[in-house]
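A.B. asks: 3D, please:
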Amino acid sequence: MTDREVIGSENKRMMLLGAPEKLGRRAMWISVSSEEPAKQWFGTEVLSHNPEAIDTSFIGGGAAPLLMDHDPTRQIGVVEEVRLDGARLRARIRFSKNDEAQAVFDDVLDGIRSNVSIGYSIQKTERDENTEVITVLNWSPMEVSIVSIPADSTVGVGRSKTPETKPNEVNKMPEIDIEAVKADAIAEATRTYADDMSKRDVAAQEKLEAVRHEVGEIHALGARHNMSDKAAEFARDGKSLSEFRGYVLSELPNGTPLENTEIDMSKREIKKFSVMRLMNALTGDRNERKAAEFELEACFAAAEKFNGVTRGVRIPTDVMADWSQRDLSAGVDTQLIPTEHRAASFVDALRNASSVMQAGATILGGLSGNVDIPGKNAVSSATWISSEGTNSTESEPTFRTISLSPNDVSLHTDMTRRMMQQSSPDIESLVRNDITDAMALAIDLAGLEGSGSSGQPEGVLNVTGINKPTAFAAADPTFAEVVAMETAVADDNALMGNLSYIGRTNLYGALKTTKKDAGSGEFVVEPGGTVNGYRYIKSNQGTDGNLYFGNWSDLLIGMWGGLDLVVDDSALALSGGRRLIVFQTVDMAVRHAESFCYNNDT
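C.D. replies: Modelled structure (predicted):
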């Protein structure tokens, strides 16, 4: 998968061949793309026009913009419909009635503007090693623009005769040497374009390409989540792709992935997938690779779906959605099939071992790139008007941005030679459990006390603004000191959501023997294991003596893609074993610092 989005522009000097009844509603058919090789800054590019190569779900949806010079702030119309005509994509465009659109429309009618361009995002390419030609095998048109200088000289206004076109209307136009006009225009445009490009700084050109890529990705993400209008608004206002990702996440139901990273494996294929076979294949002989052909093929497909760096092989998220204990199939004794589910998915498996996820932290899955989630610092307040005719006091809310960016957490587990020789469900389950438990410990510690530096996310302890009452007078807090933590959160109007305490097991044990007062005979840990009416989650991850309380749904945990798996065959070479190294991309952020409190005896 490529994250480069390329914008191609077209050049064609031709007079308009439009049907009068179409012009009456400011609409016409034009040709927007072809398989003509186009010189781009990175080489020669050819857009495949096979039906399966073009994703027209957005461009053909009736809401794609008609722009001026690929500028999202200058929308002059809309793309109403597209159709594939052989090796050429045609679009029916309709011009707006705004002033700029009217001027451009008049120029089109007069034959002054006839060059068009299409903006698109690329999903898959293929390079011919002999000719260095790059063929785009999968791409998504996102917008059509009226431009001055083209790259593909075979498309433009007047290149798409439709059934509605009336040839006799052409005869009413002044007789001119069309071919001479075309030749002169193409030659002049080529010279101008070449001169212009030679003067441009490479960094500026790359920046332009990056901006165009972002616009295409914003529209594509909007189309995937039925938010095309909002995508057009963000692009028009010049907002970033990360901001739009944050907006989409804030609007999606909790647990809905931002990007679909699954590869559409069937239930049988998911059951068949074996981590052990995959591990053996990565450093094994030809027979082991042949035995794991299915696993390798699935991992390669998952890597193409993942918009990021893969060090080894990418375990498909389809498989991780069934990350559970396994047993042998009665029908195929080498196929591992889930029978006794410990949890519904990899995230739920982590939740069993991680205190912050058990407490209800919000999981944001299927992330791609950086994410900026909008947040509010303060709300508007109402004021009383002192007397008739007096203005009210101005009060505006203030906003902030909650950012999530990829951080990699890694772990390794060692496999002995005898373990690798087995293909039992117990061994498969052991490997998965090792990965799950180690990953949970790392995420848990980061959620509680991550430093926010050296590659670590920032945990609750180090977030600026969380509540910190007067320190405990002794190592074991009193009931009043525990209640003070709840009170601190309540004073900030944040006593809501998934509220619970998190602390070490030794502190929990001490609170079971700490009396609330001298006479009631009740202890801080109440019957049922609650403290002050709230759940107490035991975790030996945090610093000894630290006690946390808060609304844990305000802790955001972002996860990018599936597990990245690497096998090291040298670390345990003398004993014949192998080391399995796993990477997961994660980040964390706190939605409201006031939702949390921590304390200890300093």
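
A.B. asks: what sits against V82?
C.D. replies: 32, 56, 59-60, 89-92, 141 (Cβ atoms under 8 Å, 6 or more residues apart in numbering). From N, CA and C alone the C-beta is placed, and that goes for glycine too.

A.B. asks: now, among those, which is nearest to G222?
C.D. replies: Using Cβ to Cβ, I59 is the member of the contacts of V82 that lies nearest G222, at 12.7 Å.

A.B. asks: OK, contacts around that closest one?
C.D. replies: Contacts of I59 by Cβ under 8 Å, 6+ apart are 79, 82, 91, 140-144.

A.B. asks: any chance of those residues in CSV, plus distance to G521?
C.D. replies: As requested, the contacts of I59 are exported to CSV (distance: Cβ to Cβ, whole Å):
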residue, distance to G521
V79, 76
V82, 77
A91, 80
S140, 69
P141, 74
M142, 70
E143, 73
V144, 78
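
A.B. asks: If we only consider those, which is nearest to H592?
C.D. replies: M142 (35.8 Å).

A.B. asks: Quick check: bridge partners of the closest residue to S96 other than its chain neighbours?
C.D. replies: Leaving aside its sequence neighbours, S96 sits nearest to G77 (Cβ to Cβ, 6 or more residues apart in numbering; 5.0 Å). Applying DSSP bridges to G77 gives these bridge partners: L66, F95.

A.B. asks: Burial check on G77, number of neighbours?
C.D. replies: 22 (other Cβ atoms under 10 Å).

A.B. asks: Could you verify my assumption that A63 touches V78?
C.D. replies: Yes - at 6.9 Å, A63 counts as touching V78 under the criterion of Cβ atoms under 8 Å.

A.B. asks: hey, what's in contact with both of these two?
C.D. replies: Counting by Cβ under 8 Å, 6+ apart, nothing touches both A63 and V78.

A.B. asks: Tell me, how many residues neighbour the nearest residue to S539 once chain neighbours are set aside?
C.D. replies: Nearest residue to S539, sequence neighbours excluded (Cβ to Cβ, 6+ apart): S355, at 3.7 Å. S355 sits with 26 neighbouring residues when counted by other Cβ under 10 Å.

A.B. asks: Tell me how far the residue nearest to S96 lies from I149.
C.D. replies: 20 Å (Cβ to Cβ, to the nearest Å).

A.B. asks: Now for L574: which residues touch it?
C.D. replies: Contacts of L574 by Cβ under 8 Å, 6+ apart: none found.

A.B. asks: Let the chain start at 17 from now.
C.D. replies: Sounds good: first residue 17 from here, last item L590.

A.B. asks: Now do the SS call for it.
C.D. replies: helix (DSSP: H, G, I helix; E, B strand; the rest coil).

A.B. asks: now do W45
C.D. replies: Recorded secondary structure, W45: strand (three-state DSSP).

A.B. asks: where exactly do the strands run in the stretch 417-566 of the chain?
C.D. replies: With strands called from DSSP state E, counting those that start in this stretch, the stretch 417-566 of the chain shows them at 423-431, 515-519, 546-547, 550-554, 563-567.

A.B. asks: what's the least confident stretch among these?
C.D. replies: Ranked on mean pLDDT, the bottom entry among those is strand 423-431, at a mean of 80.

A.B. asks: if I read this right, D450 contacts H428, doesn't it?
C.D. replies: No - applying Cβ under 8 Å as the test, D450 and H428 come out as separate, 9.4 Å apart.

A.B. asks: which parts of stretch 373-390 are buried?
C.D. replies: 373-389 (16 or more other Cβ atoms under 10 Å).

A.B. asks: got it, and stretch 417-428?
C.D. replies: Result for stretch 417-428 [16+ other Cβ under 10 Å]: buried residues 418, 420-423, 425, 427.

A.B. asks: Between the two ends of that stretch, how far is it?
C.D. replies: 35 Å (Cα to Cα, to the nearest Å).

A.B. asks: So what touches that stretch?
C.D. replies: By Cβ under 8 Å, 6+ apart, stretch 417-428 touches 258-259, 262, 324, 380, 383, 385-391, 451, 454-455, 458-459, 462, 471-473, 572, 574, 576, 584, 595-607.

A.B. asks: just checking, which of those belong to strands?
C.D. replies: Judged by DSSP state E, the subset of the contacts of stretch 417-428 located in strands is 380, 387-391, 572, 574, 576, 584, 595-606.

A.B. asks: what's around E230, how many residues?
C.D. replies: 22.

A.B. asks: For it, give its distance to F260.
C.D. replies: In terms of Cβ to Cβ, E230 sits 9 Å off from F260.

A.B. asks: Show the low-confidence segments of the stretch 217-366 of the chain, by residue range.
C.D. replies: 217-222, 224, 270-271, 300, 323-325, 337-366 (pLDDT under 70).

A.B. asks: could you pull out the helices for it?
C.D. replies: 218-240, 244-252, 257-267, 283-288, 291-299, 302-307, 309-321, 333-336, 362-369 (DSSP state H, counting those that start in this stretch).

A.B. asks: Of all these, which one comes closest to I134?
C.D. replies: helix 218-240 (10.6 Å).

A.B. asks: And the closest one, what's buried?
C.D. replies: Within helix 218-240, judged by 16+ other Cβ under 10 Å, the buried ones are 225, 227-240.

A.B. asks: Show me the contact partners of the strand or helix carrying I109.
C.D. replies: Per DSSP states H and E, I109 falls inside strand 104-111. By Cβ under 8 Å, 6+ apart, the residues outside strand 104-111 that reach it are 41-50, 65, 70, 75, 82, 92-100, 117-118, 120-121, 124, 134, 157, 160, 171, 175-176, 178.

A.B. asks: follow-up on the earlier one: in the contacts of I75, which residue is surrounded by the most others?
C.D. replies: Going by other Cβ under 10 Å, M158 tops those with 30 neighbours.

A.B. asks: how much space between E267 and M575?
C.D. replies: 19 Å.

A.B. asks: Among the two, which residue is more densely surrounded?
C.D. replies: M575 (23 against 11).

A.B. asks: Just want to check the distance between the more buried one and F250.
C.D. replies: Applying Cβ to Cβ, the value for M575 to F250 is 24 Å.

A.B. asks: Repeat that for L446.
C.D. replies: 47 Å.

A.B. asks: Which one's more surrounded, the two?
C.D. replies: Comparing L446 with F250 by other Cβ under 10 Å, the one with more neighbours is F250, at 23 against 17.

A.B. asks: Near the residue lying closest to the more buried one once chain neighbours are set aside, how many other residues are there?
C.D. replies: Spatial nearest neighbour of F250, chain neighbours left out: F260 (4.6 Å); criterion: Cβ to Cβ, 6+ apart. Per other Cβ under 10 Å, the neighbour tally for F260 reads 24.
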